[in-house]
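*Asks:* Following is a predicted model, sequence given first.
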Amino acid sequence: MKTDQVIYEFLSTGPEAFRVLTAGLALVGDYAFGSLTFKAMERRIDAVFEPQGHGGPVYLVEFQAQPAAHVWYNLLTKMGL
């Protein structure tokens, strides 16, 4: 199984998975988990948590698992786009 599939499977188990991966950030209320692609920018968001039935924030999640010295540059560049 590919790493990204494992992460998606883990996140789809519920809000506790999101809390674990974000070092304690809790989702308040109901949220739907998914993945989005922004076609105009040709960028895929690894995970999105959208509020369901309330005005809470939308959380976009980008996963990085690269054993490279330039990983922070890559992450910050993608976040900036």
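*Replies:* The structure has been received and is ready for your questions.
*Asks:* Please, where are all the strands along the protein?
*Replies:* 31-38, 43-51, 59-61 (DSSP state E).
*Asks:* contacting residues around stretch 10-23?
*Replies:* Applying Cβ atoms under 8 Å, 6 or more residues apart in numbering, the external contacts of stretch 10-23 come out as 25-27, 31, 33, 47, 49, 59, 61. To be clear about C-beta, it is placed using only N, CA and C from the backbone, and glycine gets the same treatment.
*Asks:* Of all the strands of the chain, which one is nearest K78?
*Replies:* K78 lies closest to strand 43-51 among the strands of the chain, at 7.4 Å (Cβ to Cβ).
*Asks:* tell me what that closest one is packed against?
*Replies:* Applying 3 or more Cβ pairs under 8 Å, 6 or more residues apart in numbering; DSSP states H and E, one finds that strand 43-51 makes contact with helix 3-11, strand 31-38, strand 59-61.
*Asks:* average pLDDT across the last one?
*Replies:* Read that as strand 59-61. Averaged across strand 59-61, the pLDDT comes to 84.
*Asks:* Just the buried residues of it, please?
*Replies:* Neighbour counts over strand 59-61 (16 or more other Cβ atoms under 10 Å) mark 59, 61 as buried.
*Asks:* could I get the helices and strands packed on strand 43-51 as TSV with distance to G53?
*Replies:* Output for the helices and strands packed on strand 43-51, formatted as TSV (distance: least, Cβ to Cβ, whole Å):
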stretch	distance to G53
helix 3-11	20
strand 31-38	10
strand 59-61	16
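*Asks:* what's the most buried one of these?
*Replies:* With neighbours defined as mean count of other Cβ atoms under 10 Å, those peak in mean count at strand 59-61, which reaches a mean of 15.
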